[in-house]
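[1] attaching a predicted model along with its sequence, questions to come.
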Amino acid sequence: MKNESRKLLIEYLYGIKSKDSEDSEFWELLEDESVRGEYKDITLIDKEIANIAESIKPSEQLMASVFNKAGVTISTGSVVGTTGTSAKLFSFQLIPLFMTMMLITSPFIEVDNVSTASKFESSIVAESNIKDDIGTITEQNSSNTETVNSIRNPHQITKLEIVEVHSNDISIKYANEIENSSDNQQIKKNQKNQVTLSNFLTDNNIGVINIPQSDIGYKQQIYIDEPQNPIYSNVIINVGAMSNLASYNTKLNNEYASQFENFNIGIKYQLLDFLAFGIDYYQETYFLNYREYQGIIPIRDIEQYTNTSSFYGSTIVSYPVLDNFASPYLKASLGLNKFGVTDRYSAGIVLNLSDKFSTYFEYGVSNLRYTNQNRDYTSDRNNITLGIQTSLNNLGIK
Amino acid sequence: MKLGKSIDKYTDDELFVLINSNKKNADIAYTEIYHRYSTSVYKFCYFYLKNQADAEDVFQEVFVKYFTNTDKSPESVNIKSYLLRSAKNHCLNKLRQSKIEFSEVYENLLTMDNDYLEEKELKEQIRLSIDLLDEKYREAFILKEIENMTFKEVGEHLNITLSGAQSRVVRAKEQLISLLEPYLKELK
């Protein structure tokens, strides 16, 4: 075959010359049998070269050797950084491979506690070689340093990755193998300063934790709540001890102090963040007062107390403050007992002292009108209640 | 919602900035660079040196030098280009050290008897033939065929014009076909 034809053929095959144009010599060239043979040879050679190129790769051992000699740690964890001109850069490193975690007293699992066994055994695929730390985010050249050193996670997260850190945001991306478990996850900050984002995960499993600017620079704990039925998390059980304060219409306080210690137990449903409805059972002491007058002069004054059981239905309006640590509330209740109908108004505050339990302190006033033997008794009481409350899922009902 | 991007989405410029930050970031960036370009560098060394052991030596030298050289010049921002240039320099040094002449390989090929040639796979023949290409054509050919560069990229890498790059690759291919012609005839 002529060298000129060969060159031409190669140029056509490389696309240097277009074989699609009408005046293309390519098809004319192929009429020559020797060129057609060469065309087949070149095609064969090209195919083999592609195979060769594909098959030649450095081995894993070579990679290990390179990194070892260079003193570089093989690390495929995500680098997270800011956008824009500030070009803050972060690195995030996670535990290298499957990490087994142990259930602790809470329904959460501390990733830090590397241990075996438990029915909540979870594993994390993380990408780093730091074994004692789930992840560290460091921001270069800035005092805004975020450290994520503990991620609690009760279910199987197969991949967890800090995607991006901004001055007040951390984006977390994770994939979960448990079906449907990626719905309604919550990520909270540390216990004292919780940030809860419901439904934070988008379809691509990326969530954002907003960290107030004031918290930048402090260690943050991030944990993911166990998947739970929202109904159970919104049903709250409360138990309280009530003490009646000195009442202006009774003189019995001091003499029968032991009778003044009452209690209540109740259940409420948190319909909205600020609105709940509840039912309570009270064991309480009523101070009934009857005063009979002649003109303006009281001629008969009857005071008596009685213990009774009451059932109340309540509406509670609350407002969380101090980053959900405290929730002041107002409560209006209508009750029923052997004397008839009574109403009760109270104001209180719920303090979230731990992950599971909250304590509440309440001041209430209640009024009762009771008629017996044509005598109208009144009972105007005020009392304080101290109690604890928790949701059903904190009691193990998921 | 702000979405982050994973490390494999970082540009060379961004990786270069990472390298010059702290060690954790640098390690992550180096790992990504390795994953991104190691195969290219390895293939280049492999075809340039004709010897797997030498190729591995040079390959290691290139990456170790890149990873340990803390004072990287701005030109190294184009990481692939930088690594390939570095690989070429190391390959040339290696060739000088081992004093391998192309003629030796060519001699070997010429002295092979027909039976041996038939036994050899086409792949091996091609590899040997690539080794025998003229130096200036061979490099362009490797960049084009093995590294899958465009002609434009080949030209930029070799500091030659587009037509110069095309010319070199075409000449290399012509040479390659000529070298393989006897074998292909035998094959038929």
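    Okay, I see it.
[2] who's in contact with the closest residue to residue B:127 other than its chain neighbours?
    Among residues not flanking residue B:127 along the chain, residue A:52 sits closest, at 6.4 Å (Cβ to Cβ, 6 or more residues apart in numbering or on different chains). (C-beta placed from N, C-alpha, C; glycine too.) Going by Cβ atoms under 8 Å, 6 or more residues apart in numbering or on different chains, residue A:52 touches B:123, B:126, B:127, B:146.
[3] buried ones among those residues?
    B:126, B:127, B:146 (16 or more other Cβ atoms under 10 Å in any protein chain shown).
[4] in contact with the first one, which residues?
    Shown here is residue B:126, whose contacts under the criterion Cβ under 8 Å, 6+ apart are A:45, A:48, A:49, A:52, B:176, B:180.
[5] I'd say the second one and residue B:129 touch.
    This points to residue A:48. No - using Cβ atoms under 8 Å, residue A:48 makes no contact with residue B:129, being 10.7 Å away.
[6] want to try JSON lines for the contacts of residue B:126, with distance to residue A:362 as columns?
    Listed next are those as JSON lines, based on distance: Cβ to Cβ, whole Å:
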{"residue": "A:45", "distance to residue A:362": "88"}
{"residue": "A:48", "distance to residue A:362": "84"}
{"residue": "A:49", "distance to residue A:362": "82"}
{"residue": "A:52", "distance to residue A:362": "81"}
{"residue": "B:176", "distance to residue A:362": "90"}
{"residue": "B:180", "distance to residue A:362": "93"}
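[7] tell me the least confident of these?
    Least confident of those in the model: residue A:52, at 81.
[8] so which strand or helix has it?
    Using DSSP states H and E, residue A:52 maps to helix A:33-55.
[9] try residue B:163
    Secondary structure assignment for residue B:163, by DSSP H and E: helix B:162-187.
[10] which strands and helices sit next to that helix?
    Applying 3 or more Cβ pairs under 8 Å, 6 or more residues apart in numbering or on different chains; DSSP states H and E, we find helix B:162-187 packed against helix A:3-14, helix A:33-55, helix B:114-119, helix B:122-132, helix B:135-141, helix B:151-158.
[11] tell me the angle of it relative to helix A:3-14?
    110 degrees (axes from the mean of the first three to the mean of the last three Cα atoms, to 10 degrees).
[12] pull out the buried positions in helix B:162-187.
    Residues of helix B:162-187 classed as buried by neighbour count (16+ other Cβ under 10 Å): B:164-177, B:179-180, B:183-184.
[13] cool, and stretch B:140-159?
    For stretch B:140-159, by 16+ other Cβ under 10 Å, it's B:140-147, B:149, B:151, B:153-158.
[14] same thing with stretch A:33-52?
    Applying 16+ other Cβ under 10 Å to stretch A:33-52 flags A:35, A:38, A:39, A:41, A:42, A:45, A:48, A:49, A:52 as buried.
[15] I'd like to know how far the first one sits from residue A:18.
    Computed as Cβ to Cβ, to the nearest Å, the residue A:35 to residue A:18 distance reads 18 Å.
[16] same check, this time on the third one
    With distances taken as Cβ to Cβ, residue A:39 is found 17 Å from residue A:18.
[17] give the contact list for residue A:363.
    Going by Cβ under 8 Å, 6+ apart, the list of residues near residue A:363 reads A:346, A:347, A:348, A:382, A:383, A:384, A:385.
[18] again, but for residue A:71
    Neighbouring residues of residue A:71 by Cβ under 8 Å, 6+ apart: B:67, B:68.
[19] now with 10 Å, please.
    Shown in contact with residue A:71 (Cβ atoms under 10 Å, 6 or more residues apart in numbering or on different chains): B:23, B:27, B:64, B:67, B:68.
[20] what about the closest residue in space to the last one that isn't next to it in sequence, how many residues nearby?
    So the one you mean is residue B:68. Spatial nearest neighbour of residue B:68, chain neighbours left out: residue A:70 (5.2 Å); criterion: Cβ to Cβ, 6+ apart. If you count neighbours by other Cβ atoms under 10 Å in any protein chain shown, residue A:70 ends up with 19.
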